[in-house]
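>>> structure for this input, please:
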Amino acid sequence: MTISHPDKGHPTVAESHPQEQPGGRLPPVQALLGIVVFLGAQVLAGLAAAGVGPLIKEPGTTTLFFAAYAALSLLGLAALLRGLARADLRVTFARAGIAREVGLGTLIGAGLIGVGGLVMFAAGAYRGTDPSLNAGILLGLMLAVGTAVGEEVLFRGVLLRVLNARFGSSVAVAALSVLFGLAHVGNAGAGVLGAVAIAISAGLLLNVAYLLTGRLWLAIGIHFGWNAMQSAFFGTDVSGTGSGRGLFAGHLSGPGWLSGGAMGMEGSWVIMALGLGAGIALTVLAVRRGRWRSWSTARAETAQAKAGLA
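Model (predicted):
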């Protein structure tokens, strides 16, 4: 797997921005603004979709909502980084490698769900009927775009980035895996068990995808491919939320540990095992490439930066 860091060959953050602390300034403010961007993008996208909804009807209204949600999330992140973390702004939005990282991530995410779906089909836990090209495919793809970009901006682009810079990768990954799972606990078919499933299957995988590159695009690709395969292809619920049908009308049956139950495919032990295995593989790669930031390094660099500002 070839994953390069976009800042390779450039001056380090400390050299380029000698007065900027790791992760930027005012971490609590960044976290608060990240939440504002996350929620504000959804509200504004909803208003835009509602405003033109009577003109374009479905599926255009929903498509507009998710497209606007993704675009507004990225614009909000860029504004946040420009004001409080300019070094991270340059790395995150450097054009070199964006398409490659998104493409590779999409293959990883779609591949994991694809393999899991085939295993579940062979075991009798998944059945796809009535294959057809329909509006549900577009809706599933756009749902995947909106949720992948919007959630990655908050959880990886803001929260993980700040925690990793200040406290190291072990603390950041553990905290964000739990938080990412808890963020889905309110979904109709999720609950506590669904939150645990998300934390296990996707938490480590998405967090380490960010650490490997130091920016969002690989994680966004994985998240998109992961959700798109469930919704647009297999036609099942995503994270316990109904998404309509995709290429197939998906039916899950059998014991909950195998079928995922009300949670959908992500609640299956098959998907959890595949996601966790991929996350462990990326973690090994991150450690070998020196992308895993230790607690001592994070605290020492933060203290050094603060001393330089004194």
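
>>> find the nearest non-adjacent residue to residue 63, please.
The shortest distance from residue 63 to any non-neighbouring residue, by CB to CB, 6 or more residues apart in numbering, is to residue 142 (4.8 Å). In short, each C-beta sits where N, CA and C put it, glycine included.

>>> any low-confidence regions in this structure?
1-19, 309-310 (pLDDT under 70).

>>> where do the helices sit along it?
Listed in chain order, the helices of the chain (DSSP state H) span residues 13-16, 27-84, 86-92, 98-122, 135-152, 161-167, 169-182, 191-198, 204-213, 217-228, 256-259, 269-288, 295-309.

>>> reformat those as JSON lines; add mean neighbour count and distance to residue 236.
Converted to JSON lines, the helices of the chain look like this (neighbours: other CB atoms under 10 Å; distance: least, CB to CB, whole Å):
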{"stretch": "helix 13-16", "mean neighbour count": "16", "distance to residue 236": "42"}
{"stretch": "helix 27-84", "mean neighbour count": "17", "distance to residue 236": "18"}
{"stretch": "helix 86-92", "mean neighbour count": "20", "distance to residue 236": "32"}
{"stretch": "helix 98-122", "mean neighbour count": "19", "distance to residue 236": "9"}
{"stretch": "helix 135-152", "mean neighbour count": "23", "distance to residue 236": "10"}
{"stretch": "helix 161-167", "mean neighbour count": "23", "distance to residue 236": "32"}
{"stretch": "helix 169-182", "mean neighbour count": "19", "distance to residue 236": "19"}
{"stretch": "helix 191-198", "mean neighbour count": "21", "distance to residue 236": "14"}
{"stretch": "helix 204-213", "mean neighbour count": "27", "distance to residue 236": "19"}
{"stretch": "helix 217-228", "mean neighbour count": "28", "distance to residue 236": "11"}
{"stretch": "helix 256-259", "mean neighbour count": "18", "distance to residue 236": "10"}
{"stretch": "helix 269-288", "mean neighbour count": "18", "distance to residue 236": "11"}
{"stretch": "helix 295-309", "mean neighbour count": "13", "distance to residue 236": "40"}
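
>>> mind checking which of these is nearest residue 247?
Nearest of the helices of the chain to residue 247, taken as CB to CB: helix 135-152 at 5.8 Å.

>>> returning to that earlier point: contacts only, for the residue nearest to residue 63.
Contact partners of residue 142, counting by CB atoms under 8 Å, 6 or more residues apart in numbering, are 59, 62-63, 66-67.

>>> same question for residue 110.
Applying CB under 8 Å, 6+ apart, we find residue 110 in contact with 225-226, 228-229.

>>> out of the residues you listed, which is nearest to residue 207?
residue 226 (13.9 Å).

>>> surely the closest one touches residue 112?
Yes: using CB atoms under 8 Å as the test, residue 226 is close enough to residue 112 to be in contact (6.7 Å).

>>> on that earlier part again, quick one: which of the contacts of residue 110 is nearest to residue 168?
Distances from residue 168 to these, taken by CB to CB, are shortest for residue 226, at 26.4 Å.

>>> can you say which of the helices of the chain is nearest to residue 235?
Nearest to residue 235, of the helices of the chain and by CB to CB, is helix 135-152 at 6.8 Å.

>>> now that closest one against helix 169-182, angle please.
140 degrees (axes from the mean of the first three to the mean of the last three CA atoms, to 10 degrees).

>>> any idea how far helix 135-152 is from the chain center?
How far helix 135-152 lies from its chain's middle: 12 Å, per CA atoms, centre = their mean, to the nearest Å.

>>> just stretch 40-51 next, same as before
Stretch 40-51 has its C-alpha centroid displaced from the chain centroid by 21 Å (CA atoms, centre = their mean).
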